[in-house]
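Here is my input; please provide its structure:
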Amino acid sequence: MKNQPALKPKHVYLVANGDLRLSANQTCWPEQAKMENQLTQALRAEGWKVVRAHAFDPAKKHGFIDSQKMGLAVFRRLDPHPPLIVAEAVWQYSQHLLPGLSTHRGPILTVANWSGTWPGLVGLLNLNGSLTKMGVPYSTIWSETFTDGFLKNGLRHWLNDGVIAHDQNHVRDLAALKLPPADQQLGQRVAREFKQRKAILGVFDEGCMGMHNAIIPDELLNPTGLFKERLSQSSLFAAMREVSDAEARAVYHWLRQRGMKFKLGTEETTELTENQILQQCQMYVAAVRLADEFGCAAIGIQYQQGLKDLAPASDLAEGLLNNVDRPPVKCPRTGRVLFAGEAVPHFNEVDECAGLDGLVTYRLWRELGFAPENTLHDLRWGRHYQGGGVNDYVWVFLISGAAPPAHFIGGWKGASSERQPPMYFRLGGGTLKGIAKPGHVVWSRVFIMSGRLHCDLGVARVVELPREETERRWRETTPQWPIMHAVLDGITRDQMMARHKSNHIQVVYAPNRKQAHRALRIKAALLAELGLEVHLCGNVELFDHAARGGAERFG
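From the prediction side, this is the model:
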């Protein structure tokens, strides 16, 4: 590629990052092209011209940067000083851009369309979290129409000053706050025991889908008491082949006996088949056995690259692992039931930040006597909803199938499995789909900033929407995946987007609202004792009513 000429005044580079998978890039390109056109018009209205840094490829039928190799080539020929926009309407592999963005000296802006059609908002948040981890300055913004005042004002500030400052008054540092002594002491005790006992995270290949923000360096992870066992997805595939057909069918029969439904067909390329389900059951058994063999307290499977070309998707196995009530798996040598009466916490897409968070949460919730099942979701999209007692901004938390049935309305009877979209998974495989039950959850996110581990914590209310509204939201996003309708307490949409440093958000249920706030306080003290910098977000009660005769809040 030839170097581009120096940009003229009031010209801005635009890059579009995409998937590594050709089918996904081709399918999603029309939405990206539509979004870029809207953004170009918004910039034109401010007197600026867009210079696309890479062309549409007629052979590939899309205009995305689709590999780290291509990203390096694109940035090698760009002047590193002009302003640059990363426009995202789709899921993107951050690794394609990070080498170039790490040495770009001009102002960087990440932009996404406010749409659930493809996970562009999820991709934006992943890129933002990855840039934050790398210490690369950037600004960010999002819009549904690209004609609204929020977008116009933000663009104007960035074009004139090189930065956009968003409201983040919902965030308070734990270090500046005072927790009830009993809550603080309990959290600190559990943390000291956690560090003293130590534990192993089984990592089946790091770096899923370019998620740089999801990898915790050992020197940051180990002081918390956690250590990685670096395993290979090829080992998992090999272990699957040691699982007998009878064992796989026993798992499948257990699920059907519990009332789980499977949307089956006969066409392997487009439908979910019994053959795919049985392979996923083999994967589940193999994963439990490997976790036991290596002494792993939690495991994470990358699954998107490599494994997807050998076997059906791992989502069904992941959801089973995350549930306490799950099909029994026995040691093939002794017949001992492995992890009896316990989940095997799984961090989806081998997100190690979620792995640390998920295991800590599981152990603490056991200590508190609460149901310990927890999972990550994508912070996918949202919209205000009014009706049936709800009048709030309701987020769509959505993940590809790792959510435990303990979170669903109806439990196992409310769970179903549908085929993963063929554009992502050629060999298919079923998800673990359900609708999250109404209740109160503690949400969290561990992330890396300024070379240290941080964690944001808040509370949310899960609401039940009419079935037709749930179906509409599924159609707007990915209908095969489990969904949670979440109302964040004391946090606006734009505050959440401005602050959140990940595509993922961790959630766990508490018995009621009061216990959710108490559990959050204890967890905050635990994480701080482990060495994390903790931040409380939104309306968090620092003292319970019984202790103070009222609730002290902030947010």
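
His504 against His377, yeah?
Yes: using C-beta atoms under 8 Å, His504 is in contact with His377, at 7.0 Å. The C-beta positions use only the backbone N, C-alpha and C, and glycine is treated the same way.

Okay, helices next: where are they in the stretch 151-300 of the chain?
181-197, 218-221, 233-240, 245-257, 274-293 (DSSP state H, counting those that start in this stretch).

Quick one: closest of those to Phe64.
When the helices of the stretch 151-300 of the chain are compared by C-beta to C-beta, helix 233-240 sits nearest Phe64, at 25.4 Å.

Can you list the neighbours in contact with the closest one?
Outside helix 233-240, the residues that touch it by C-beta atoms under 8 Å, 6 or more residues apart in numbering are 204-205, 279, 282-283, 285-287, 289-290, 301-303, 306-307, 310-311.

again, only using 10 Å
For helix 233-240, the surrounding residues in contact (C-beta atoms under 10 Å, 6 or more residues apart in numbering) are 202, 204-205, 232, 248, 279-290, 293-294, 299, 301-303, 305-308, 310-311, 314, 317, 350.

out of those residues, which are buried?
Buried by 16 or more other C-beta atoms under 10 Å: 202, 204-205, 248, 279-290, 299, 301-303, 305, 307-308, 311, 314, 317, 350, out of these.

residues in contact with Thr269?
Contact analysis of Thr269 by C-beta under 10 Å, 6+ apart lists Arg419, Pro422, Arg426, Leu427, Gly428.

switch the cut-off to 7 Å
Applying C-beta atoms under 7 Å, 6 or more residues apart in numbering to Thr269 gives the contacts Pro422.

can you check Ala87 too?
If you count contacts by C-beta under 7 Å, 6+ apart, then Ala87 has Leu14, Ala16, Met35, Glu36, Leu39, Val111 around it.

Next: Arg452.
Applying C-beta under 7 Å, 6+ apart, the residues near Arg452 are Glu533.

Out of the contacts of Ala87, which is nearest to Ile215?
Ala16 (24.3 Å).

Go through the chain and flag its longest strand.
The single longest strand within the chain, with elements called by DSSP state E, is strand 374-387.

Can you pull the poorly scored residue ranges out of this structure?
For the chain, residues meeting the criterion pLDDT under 70 lie at 1-2, 545-555.

Go through it and flag its longest helix.
helix 22-45 (DSSP state H).

State the helix or strand in which the nearest residue to Met211 once chain neighbours are set aside lies.
Excluding its sequence neighbours, the residue lying closest to Met211 (C-beta to C-beta, 6 or more residues apart in numbering) is Asn126, at 5.9 Å. Secondary structure assignment for Asn126, by DSSP states H and E: helix 120-134.

Could you export the helix or strand just after that helix as CSV, CA atoms only?
Using DSSP H and E, the next helix or strand after helix 120-134 towards the C-terminus is strand 139-143. The C-alpha coordinates for strand 139-143 follow below in CSV (Å, rounded to 0.1, in the frame of the first residue of the first chain):
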residue,chain,number,x,y,z
SER,A,139,-12.8,9.8,23.4
THR,A,140,-16.1,8.0,22.8
ILE,A,141,-19.7,8.7,21.7
TRP,A,142,-22.8,6.9,20.4
SER,A,143,-26.0,7.8,18.6
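
For strand 139-143, which helices and strands make contact with it?
strand 108-113, helix 120-134, helix 149-161 (3 or more C-beta pairs under 7 Å, 6 or more residues apart in numbering; DSSP states H and E).

Please identify which of the ones you listed is closest to Glu529.
For Glu529, the closest of the helices and strands packed on strand 139-143 is helix 120-134, at 23.1 Å, according to C-beta to C-beta.

And for the closest one, what's in contact with it?
With contact meaning C-beta under 7 Å, 6+ apart, helix 120-134 is reached by 86, 88-92, 94, 98, 101-102, 110, 112-114, 138, 140, 142, 211-213, 378-381, 447-449, 500-503.

Would you list the buried entries among these?
The neighbour-count test (16+ other C-beta under 10 Å) marks 86, 88-92, 94, 98, 101, 110, 112-114, 138, 140, 142, 211-213, 378-381, 447-448, 500-503 as buried among those.

mind checking the SS state of Val534?
strand (DSSP: H, G, I helix; E, B strand; the rest coil).

Show me the beta-bridge partners of it.
Cys455 (DSSP bridges).

chain center to the longest strand of the chain: distance?
12 Å (C-alpha atoms, centre = their mean, to the nearest Å).

Run me through the strand neighbours of that strand, direction for each.
Short version: by DSSP bridges, strand 374-387 pairs with strand 390-398 (antiparallel), strand 504-510 (antiparallel).

could those strands go into JSON lines alongside mean neighbour count and distance to Phe227?
Below are those laid out as JSON lines (neighbours: other C-beta atoms under 10 Å; distance: least, C-beta to C-beta, whole Å):
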{"stretch": "strand 390-398", "mean neighbour count": "20", "distance to Phe227": "30"}
{"stretch": "strand 504-510", "mean neighbour count": "25", "distance to Phe227": "20"}
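
quick one: which of these is nearest Arg475?
Proximity to Arg475 (C-beta to C-beta) singles out strand 390-398 among the strands paired with strand 374-387, at 11.4 Å.

gap between the closest one and the chain center?
Distance of strand 390-398 from the chain centroid (C-alpha atoms, centre = their mean) equals 17 Å.

That strand to helix 120-134, inter-axis angle?
70 degrees (axes from the mean of the first three to the mean of the last three C-alpha atoms, to 10 degrees).

which residues are in contact with strand 390-398?
With C-beta under 7 Å, 6+ apart as the test, strand 390-398 has contacts from 116, 377-385, 463, 465, 473, 477-478, 481, 483-488, 493, 505, 507.

Can you name the element that comes right after that strand?
Taking DSSP H and E, what comes next after strand 390-398 is strand 416-417.

on that earlier part again, buried sites along the longest helix of the chain?
Taking 16+ other C-beta under 10 Å as the criterion, helix 22-45 shows 24-29, 31-32, 35-36, 38-40, 42-43 as buried.
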